[in-house]
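**Q** everything below, folded, please.
(chains A, B, C and D)
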There are 2 protein chains.
Amino acid sequence: MANETQGLNERAQLLLKALIERYIADGQPVGSRALSKLSGLELSPASIRNVMADLEDMGFIASPHTSAGRVPTARGYRFFVDTLLTVKPLDRIEINQLEGQLQVENTQKLVTSASHVLSELTRFAGVVVTPRRSAGFRHIEFLKLSEKRLLLILVTADGDVQNRIIQTEKSYSPSELTEAANILNRNYAGCSFEDIRRRVQAELKQLREDMTQLMTAALAAGDQAVSESAEDVVISGEVNLLGVDDLSSNMNKLRELFNLFEHRTTLLQLLDHSSRAQGVQIFIGGEAGLQPLDECSVITAPYEVDGKVVGTVGVIGPTRMAYERVIPIVDITAKLLSSALAQR
Amino acid sequence: MANETQGLNERAQLLLKALIERYIADGQPVGSRALSKLSGLELSPASIRNVMADLEDMGFIASPHTSAGRVPTARGYRFFVDTLLTVKPLDRIEINQLEGQLQVENTQKLVTSASHVLSELTRFAGVVVTPRRSAGFRHIEFLKLSEKRLLLILVTADGDVQNRIIQTEKSYSPSELTEAANILNRNYAGCSFEDIRRRVQAELKQLREDMTQLMTAALAAGDQAVSESAEDVVISGEVNLLGVDDLSSNMNKLRELFNLFEHRTTLLQLLDHSSRAQGVQIFIGGEAGLQPLDECSVITAPYEVDGKVVGTVGVIGPTRMAYERVIPIVDITAKLLSSALAQR
DNA sequence: CATTGGCGCTCTCGCCGGAGGAGTGCTGAC
DNA sequence: GTCAGCACTCCTCCGGCGAGAGCGCCAATG
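**A** Below is the predicted model of the structure:
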């Protein structure tokens, strides 16, 4: 049994591989006759039929009806990507092209362009979960809008700018505001908000009462700004999926799918899940646990800053996709995104 | 000829109105028999057929094939909305609901929620062109990121925060940065960037050379920030259009339509156009000059701040839509958006 | 005993023709 | 001007039919 894996002998594996590759290529159910020609094996259609019957029993392939060829099941795809697939890495030129398309001006643009690149290259939908902010803060500023409304400007450690309007109980003078900002900037720059909270708690007694209020308000707003904007998912190229006939043939599925795209949170959960693993992850059909995706596959890869995973990139397409091409694209995009973020 | 408009006598108008209303209601071509029942007129189908033939000659209606009923043409819809339609304004309750859905925290949220509300209420796609910024500036701040990279934070007169990274030729000390910011803040707060540019040109000689560089860089960045983020269009509820069978029945049209949605600029032109008129505007079918929209209607209304038009809201749906309902929704949304912005 | 050619069976798909239905245009009567 | 009647056209919906594809099974073979 040296040449068997999961009960599949070498011949069966070869045929399964050939079948899936063919099916991915042209979307038609594959018959024994066709398979006998393209498998490379010197086998008659009849023999192939035997093997196919076995493969069907084991749940790797299925036939849409009595006398069509066979198509891969989700389980078949699973086995395919796990043990049969040989991904060919992108060559240098393609990587350079890809890199060239990323807009590095700021984090927002970086993320959007990454998502865009993914969808352009794969012609499916590209998704990127925006980077978790490193909770550190670099600079803070209070600006008086009207008597009791302040604009809080917050520059996080990674150079992104957040702003929030806060209502105060009393009216602060400009100098008070400057003072408060100075205290925070001088003493706590670089710390995370939790750190600050803890330290401020201890040291705050030395400050005037109203100052305290201002500080805590600022901290709360900062916390909120950080956590609220913490994770979002950017999708692009949903349109591409309209052109995928596997999906566009049944309108209801398509609608469910697009509804899913509007429900960011659900999608976020799925993608977050994948950021716990490392390297490329693949969800095929219902594996993701989301019913609208049962004719889709999701390919994801986490990206990181300073060795810490901060987000996920991915592609959503039909289960019938060119995995050997999409996988390296997602992989490389994650890596390029990581290194682009590292330079900021 | 007192009771004629554009060559249509009263009876023809009544019938056209009944026909269109019926067609909008159930999407089926309307025949003479049905029309004779629901028109309210005491006319036999035969007489009605005569009128319908006239209406067809004049291009208001057409028949999909020999023996179907008639459907309105774009020209028919045009006449309908221009002279036959009686819009029923929303009642107080609906307006309040609508108002409740707007999120007033900041401009961004306001715009997004407005678009969202439009799509929810009409079940079509909602669009909003983001407000043109009043070019004034309120506050500026330089923050050193690394040796020659500065983060420029810019608070515009309307309380929005912009930020830009600028590369400098020399390395500035924190105090120099503060000084530069102070000069701008003290002397020019409230002015538009053009004003500043003009005045700075004159007064700049008194400043040190390197300061000048910093200032002009800041001005350029500010200008760019203002102009770049000046106009964008937010679309929501595109998914709804998948559920509209008038559109979803032919996939190609649908794809073109969604492609249009990704090409913001084209859409922007159309919407901008409408902001020059005042009040609700309606583009039916190809009237907008965009071929992907030839089975769609676009209902728009400009919104304003301080009596100046700053953007446009709108709804994109099939030509066969309940105009008498959509029109007031768009109208009110524009007004609510105006007043929400006024309070900021 | 794995392989293979042959055979019958099943299922889909496209095509054709007829029935049914809807709605029109026309004509002649009032 | 209105209207009933009538012939005509066109669409849609089957049902049947043949072609094609592909399978399962079986018996023969080396």
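
**Q** so what sits opposite residue A:283 in the bridge?
**A** With DSSP bridges as the criterion, residue A:283 is bridged to residue A:298.

**Q** for burial, what's the neighbour tally of it?
**A** For residue A:283, the neighbour count with other C-beta atoms under 10 Å in any protein chain shown is 24. In this view, the C-beta of every residue, glycine as well, is placed from N, C-alpha and C.

**Q** state whether it and residue A:314 are indeed in contact, as I suppose.
**A** No - between residue A:283 and residue A:314 there is no contact under C-beta atoms under 8 Å: 9.2 Å.

**Q** need the overlap of contacts for those two.
**A** A:274, A:298, A:299, A:300 (C-beta atoms under 8 Å, 6 or more residues apart in numbering or on different chains).

**Q** those: which two are farthest apart?
**A** A:274 and A:299 (9.4 Å; C-beta to C-beta).

**Q** could you name every residue contacting both of these two?
**A** Taking C-beta under 8 Å, 6+ apart as the criterion, residue A:274 and residue A:299 both touch A:281, A:283, A:314.

**Q** how much space between the first one and DNA strand D?
**A** Which is residue A:281. 32 Å (C-beta to the nearest atom of the strand, to the nearest Å).

**Q** OK, contacts around that residue?
**A** Residue A:281 neighbours (C-beta under 8 Å, 6+ apart): A:274, A:299, A:300, A:301.

**Q** so which of the residues you listed comes closest to residue B:75?
**A** Using C-beta to C-beta, residue A:299 comes nearest to residue B:75 of those, at 49.4 Å.

**Q** quick check: the closest one vs residue B:62, distance?
**A** Remark: distance between residue A:299 and residue B:62 (C-beta to C-beta, to the nearest Å) = 48 Å.

**Q** settle it for me: which of those two has more neighbours?
**A** residue A:299 (27 against 16).

**Q** contacts only, for that one.
**A** Taking C-beta under 8 Å, 6+ apart, we find residue A:299 in contact with A:280, A:281, A:282, A:283, A:314, A:315, A:317, A:323, A:326, A:327, A:330.

**Q** repeat that for residue A:18.
**A** Residue A:18 sits next to A:35, A:38, A:39, A:40 when contact means C-beta under 8 Å, 6+ apart.

**Q** which residues are in contact with the residue in chain A that DNA strand C sits nearest to?
**A** Closest contact between chain A and DNA strand C, by C-beta to the nearest atom of the strand, is at residue A:66 (2.9 Å). Residue A:66 is in contact with no residue at all, counting by C-beta under 8 Å, 6+ apart.

**Q** remind me which residues of the stretch 151-300 of chain A are low pLDDT?
**A** Residues of the stretch 151-300 of chain A that meet the criterion pLDDT under 70 lie in A:158-159, A:204-208, A:225-230.

**Q** any chance you could map the helices in it?
**A** Assigned by DSSP state H, counting those that start in this stretch, the stretch 151-300 of chain A shows helices spanning A:174-188, A:193-203, A:209-228, A:238-242, A:245-248, A:251-262, A:264-276.
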